[in-house]
Structures are given as C-alpha cells and as structure tokens.
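>>> Okay, sequence plus prediction incoming.
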Amino acid sequence: MEWNGLRSLFKGNFKINWQLLIPTVVVTILVFIPNFYWLGWFGQSQDFFPNVLLLSELNIVLSVLAGTMLVRSFVKK
C-alpha cells in the first residue's frame with residue numbers, strides 16, 4: 001500500500017512526524033495484545049467495545065493500518 005513511501009525510506013529520505021507516530025504506537029500495542037488477555041480483562045459481555053477487540057478481522061485491519069501509519073510517519077511529504 002505504501003510502496004513509494006517505503007522506497008523513499010530505503011533511499012534515506014525520511015523525517016519523523018511525531019503527531020502520526022504516537023497514535024501508530026498505540027494502535028500497534030493494541031494489535032499485539034492476544035485475544036485471551038482481552039477475554040481475561042473484560043470477559044464475554046454484551047458491551048460493544050470489548051467484544052470488538054476479540055474479532056480476528058479487526059486485528060488484521062488494525063495491523064495493516066498500523067503498518068501504513070508507520071511508513072507515513074517517517075516519510076517526508
């Protein structure tokens with residue numbers, strides 16, 4: 001998705017965008033928390049937020065989003 005940005009990083013053209021890097025780190029941390037921890041912390045409930053974090057599809061989407069945001073946070077624009 002971000003091939004031009006990735007190529008720019010390998011060429012050495014980068015600048016850190018802290019406003020985008022900080023949310024990227026938060027999303028990355030959420031992605032790496034296993035599902036059984038979410039179950040242990042929130043349990044199986046009818047609330048929307050805890051149950052959403054148990055979906056593997058959302059985990060995949062957040063992983064792709066975190067990767068895209070990571071590349072964009074280092075590329076000059």
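Arrived safely.
>>> Next SSE downstream of the host helix or strand of Val27?
Val27 is part of helix 18-32, with elements assigned from DSSP states H and E. Once the chain leaves helix 18-32, the next helix or strand it forms, by DSSP H and E, is helix 35-42.
>>> on contacts alone, who are the packing partners of the top helix by length along the chain?
Longest helix of the chain, by residue count under DSSP state H: helix 56-74. Contact here means 3 or more Cβ pairs under 8 Å, 6 or more residues apart in numbering; DSSP states H and E; on that basis helix 56-74 packs against helix 3-11, helix 18-32. Just so you know, the C-beta spots here come from the backbone N, C-alpha and C atoms, and that holds for glycine as well.
>>> Distance from the first one to the middle of the chain?
Okay, so that is helix 3-11. 19 Å (Cα atoms, centre = their mean, to the nearest Å).
>>> Now do it and helix 56-74, the angle between them.
50 degrees (axes from the mean of the first three to the mean of the last three Cα atoms, to 10 degrees).
>>> Regarding Ile16, what is its secondary structure?
At Ile16 the chain is in coil, as set by DSSP: H, G, I helix; E, B strand; the rest coil.
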